[in-house]
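Visitor: quick one, structure for this:
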Amino acid sequence: MPPVAVRNAKDAGTDIYGYLTELFGFTVFSREDGIVYQMYSTTGRGVEFLMPYYGFLDRAPKGRDEDDGWQLWIRRHDEYDSE
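Guide: Numbers count the residues shown, from 1 in each chain. Down below sits the predicted model:
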């Protein structure tokens, strides 16, 4: 379990189970003759095309910084320490 998941669950006001069962995803549906079909579905890294900032991070000196502290460095704009 990456540490960022625990932090995000706490920040979202839920427990780790609630956080992990409500993850993001992308699904495509099609309706033909009144019947709805699920044509495509993906989660996790399959939705990176929706997050264009990853392209910038991939070109940054530390990339996505996916070591043991994976994405724990990400903060909202008003949460960084002043230096």
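Visitor: now do the helices in the chain.
Guide: 3-12, 16-21, 53-59 (DSSP state H).
Visitor: for the residue sitting furthest away from the middle of the chain, what are phi and psi?
Guide: Here the chain reaches farthest from its C-alpha mean at D33, the gap being 35.0 Å by CA atoms, centre = their mean. The phi/psi pair for D33 (degrees, to the nearest 10) reads phi 50, psi 40.
Visitor: which of the helices of the chain is buried the deepest?
Guide: helix 3-12 (a mean of 14; mean count of other CB atoms under 10 Å). Where you see a C-beta, it was placed from the backbone N, CA and C, and this is true even at glycine.
Visitor: please name the nearest non-neighbouring residue to L50.
Guide: Nearest non-adjacent residue to L50, counting by CB to CB, 6 or more residues apart in numbering: F26, 6.5 Å away.
Visitor: ok, that neighbour - contacts?
Guide: By CB atoms under 8 Å, 6 or more residues apart in numbering, the contact set of F26 is Y40, S41, T42, T43, G46, V47, L50.
Visitor: which residues pair with it across the strands?
Guide: T42 (DSSP bridges).
Visitor: burial count for the closest residue to D58 other than its chain neighbours?
Guide: Of all residues not flanking D58 in the chain, R64 sits nearest, at 6.8 Å (CB to CB, 6+ apart). Using other CB atoms under 10 Å, R64 has 12 neighbouring residues.
Visitor: can you check which of the helices of the chain gets nearest to E79?
Guide: Across these, the minimum distance to E79, taken as CB to CB, is reached by helix 3-12, at 10.2 Å.
Visitor: include neighbour count, distance to L20 and pLDDT when you put the contacts of F26 into TSV, please.
Guide: As requested, the contacts of F26 are exported to TSV (neighbours: other CB atoms under 10 Å; distance: CB to CB, whole Å; pLDDT from 0 to 100):
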residue	neighbour count	distance to L20	pLDDT
Y40	10	22	96
S41	11	17	95
T42	14	17	93
T43	11	11	87
G46	13	17	88
V47	13	16	89
L50	9	19	88
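Visitor: indicate which one of the helices of the chain is closest to R75.
Guide: Of the helices of the chain, nearest to R75 by CB to CB is helix 3-12, at 10.6 Å.
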